[in-house]
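Trainee: my questions concern the predicted model and sequence given below.
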Amino acid sequence: QVQLVESGGGLVQAGGSLRLSCAASGRTFSSYAMGWFRQAPGKEREFVATIRWDGGSTYYVDSVKGRFTISRDNAKNTVNLQMNSLKPEDTAVYYCAATAPSRYGSRRAGSYDYWGQGTQVTVSS
């Protein structure tokens, strides 16, 4: 089992940057594919990015490509989301999630087994 805790959210002006971190407990963190999702008020939870267990492959939703970067440090049991050139439409609660390595690449929230509590990101115009 994996427990996930996000941090790094906050209020930023459009064009600014934030770095989200997700700390994981459990000795098997390195075997999981990890993902970031977000949910804006009144909207469904949306896939943002995912990274393979070894960090060797990543996928992004088109709306964040070139602006966001997902990375992981298996020695520190962390996964990060560097967010640059933020836009007001990026405003949401951001969640990290873990899934089995066989489900790496899935953009469906239902494919992920473990979730953090979320961290709020607000981008002002």
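Mentor: That came through fine.
Trainee: going forward, measure contacts and count neighbours with C-alpha atoms only.
Mentor: Fine.
Trainee: in stretch 62-74, which residues are buried?
Mentor: Within stretch 62-74, the residues that qualify as buried are 64, 68-72, 74, counting by 16 or more other CA atoms under 10 Å.
Trainee: hmm, I typed the wrong one, I wanted stretch 16-29.
Mentor: Neighbour-count burial for stretch 16-29, counted by 16+ other CA under 10 Å, picks out 17-24, 29.
Trainee: and stretch 37-55, by the same measure?
Mentor: Of the residues in stretch 37-55, those scored as buried under the neighbour-count criterion (16+ other CA under 10 Å) are 37-40, 45-53, 55.
Trainee: how much space separates the residue positioned nearest the centre of the chain from Q3?
Mentor: Most central in the chain under CA atoms, centre = their mean is W36, positioned 2.2 Å from the mean C-alpha point. According to CA to CA, to the nearest Å, W36 and Q3 sit 15 Å apart.
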